[in-house]
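Trainee: Dropping a prediction and its sequence here:
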Amino acid sequence: MSPDGIKLLKTPVLDKSKWMQLPRDVIIGHDALMQLPKVCEDLQVSGSVLIFSGKGTMNVAGSRVLSLVKEVADAEVFIVDKISPEIISEAEEVGAGVDVFIGVGGGRVIDTAKIVSYNCCRPFISVPTAASHDGIASSRASVPVKGGSVSLEANPPIALVADTGIIAAAPHRLLAAGCADVISNYTAILDWELSHRLRGEPISDYAMALSRMTAEIISKNADLIKPHAEESAWTVIKALLSSGVAMSIAGSSRPASGGEHKFSHALDQIAPGKGLHGEQCGIGSIITMYLHGGDWRSIRTSLKQIGAPTTPKEIGIDDKSAAQALILARSIRPERFTILDMGITEEVAEQLIAMLYED
Ligand SMILES: NC(=O)C1=CN([C@@H]2O[C@H](COP(=O)(O)OP(=O)(O)OC[C@H]3O[C@@H](n4cnc5c(N)ncnc54)[C@H](O)[C@@H]3O)[C@@H](O)[C@H]2O)C=CC1
Ligand SMILES: O=C(CO)COP(=O)(O)O
Ligand SMILES: [Zn+2]
């Protein structure tokens, strides 16, 4: 039985075999970056290292990572200014023959490092500079493609090095987005259960339980998530790690990505560069929780307490575009069945967006 008492169909176990990959070394804390040479030693990293970083995150942490890694190996830098299949191919050419990859930055940098590492069959180390997304330790990489987005199998990091000093110093908007990405697990799970009931899609009770528990921890502690506090960075990083592990257990992003994520991917098409991934997922989650008949107001309250946006207007997106994204969502990854795939008319989409502004 599922926690809500619903009888769930099980996949036959006899012919089942599963390979889960999880991070080996996890270092979270103040000045964790300084542990990098030791981590490299522990993992027997020597030879050549390619560091992926962004233009901004190079200054935040990339340069320090470069000099620390140079103590134990030859290291070069590849700057990732966006994630795309073309950039990934280019990075793979540069990375051919490299022993280890390190991703230092936000979600796009880390996903690039992760997918290149997988395609080059070499390990990667994740060094998030912000707690803005739950891909810091997952085994999936999200890549935008023409007309949508794909979730690709990738290497989870062999090590996660999360420096809470750096993460706490990042703009609060990024931390709040990470919390929203995790809170949206509530509706991702509801969508997964819906697809299980309607389509017979296999589910994982463990991945669901871990994902739900992670969302609960962030929601319950919403009033304790404060800007630029290292304790808050700790709490959120642990949640992002555990949400990533849920994805690795499931072997897909299903426990952490449902209709609210399809809505976010649709917004990336309709209004690119406005909201952060987690912010968009949080707004989507209020809507899909309403459609599931759940407590959408409490999702909204938690997001507000944390300082995450709850309306399209707050992220510079007009309501009409947001309503269009609710409709477009079903054409993104149609194989991922969610509540947004059940048919939403233009009129209903507009009403759902208007609801976000209600007291
Ligand atoms: N693979 C997975 O399982 C998952 C992947 N994702 C993907 O991750 C991406 C979203 O990640 P985000 O980090 O929100 O976006 P992002 O990588 O675009 O970063 C957002 C912005 O924050 C900046 N930034 C990062 N650290 C900073 C710091 N310390 N100080 C100042 N600025 C800093 C970046 O330079 C960038 O401008 C999306 O592409 C999404 O699809 C999201 C969740 C899970
Ligand atoms: O963002 C994710 C989980 O938070 C997973 O990404 P996808 O929506 O690309 O599968
Ligand atoms: Zn997400």
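Mentor: Yep, it's here. All values reported here derive from a predicted model rather than from experimental measurement. Numbers count the residues shown, from 1 in each chain. Ligands and ions are numbered 1, 2, ... in the order given.

Trainee: Pairing partners for the helix or strand encompassing Leu152, with directions?
Mentor: Leu152 belongs to strand 148-153 when assigned by DSSP states H and E. Paired with strand 148-153 in the same sheet, following DSSP bridges, are strand 140-145 (antiparallel).

Trainee: Quick check: Val275 is in a strand.
Mentor: Quick fix: residue 275 reads Gly, not Val. No - if the criterion is DSSP: H, G, I helix; E, B strand; the rest coil, then Gly275 is coil and not within a strand.

Trainee: ok so, going back, ok, the strand holding Leu152 near ligand 1 or not?
Mentor: No - using C-beta under 6 Å from any ligand atom, strand 148-153 stays clear of ligand 1, with a minimum separation of 6.7 Å. For the C-beta atoms, the positions are set from N, CA and C on the backbone; glycine is no exception.

Trainee: contact partners of that strand?
Mentor: Contacting residues not belonging to strand 148-153 are listed as 115, 118, 139-143, 252-253, 257, 265, 268-269, 331-333 [C-beta atoms under 8 Å, 6 or more residues apart in numbering].

Trainee: so which pair among these is furthest apart in space?
Mentor: Tyr118 and Ser331 (27.0 Å; C-beta to C-beta).

Trainee: More neighbours: the two, which one.
Mentor: Tyr118 (19 against 13; other C-beta atoms under 10 Å).

Trainee: For Glu231, list the residues it contacts.
Mentor: Counting by C-beta under 8 Å, 6+ apart, Glu231 has contacts Leu224.

Trainee: name the element it belongs to?
Mentor: Assigned by DSSP H and E, Glu231 belongs to helix 230-250.

Trainee: and if you look at Asp134?
Mentor: Using DSSP H and E, no helix or strand contains Asp134.

Trainee: Go ahead and confirm it touches Ile183.
Mentor: No - if you go by C-beta atoms under 8 Å, Asp134 and Ile183 don't touch, sitting 10.7 Å apart.

Trainee: Nearest spatial neighbour of the closest residue to ligand 1 within the stretch 101-250 of the chain, chain-adjacent residues omitted?
Mentor: Of all residues in the stretch 101-250 of the chain, Gly107 sits closest to ligand 1, at 2.1 Å by C-beta to the nearest ligand atom. Spatially, and ignoring its direct neighbours in sequence, Gly107 is nearest to His133 (3.9 Å; C-beta to C-beta, 6 or more residues apart in numbering).

Trainee: any residue of the strand or helix carrying Val116 up close to ligand 2?
Mentor: Assigned by DSSP H and E, Val116 belongs to helix 107-119. No - using C-beta under 6 Å from any ligand atom, helix 107-119 never reaches ligand 2; the gap is at least 7.9 Å.

Trainee: what comes into contact with that helix?
Mentor: For helix 107-119, the external contacting residues (C-beta under 8 Å, 6+ apart) are 52-54, 57, 80, 82-83, 87-88, 91-92, 95, 101-103, 123-124, 126, 128, 132-133, 135-136, 141-143, 152-157, 277.
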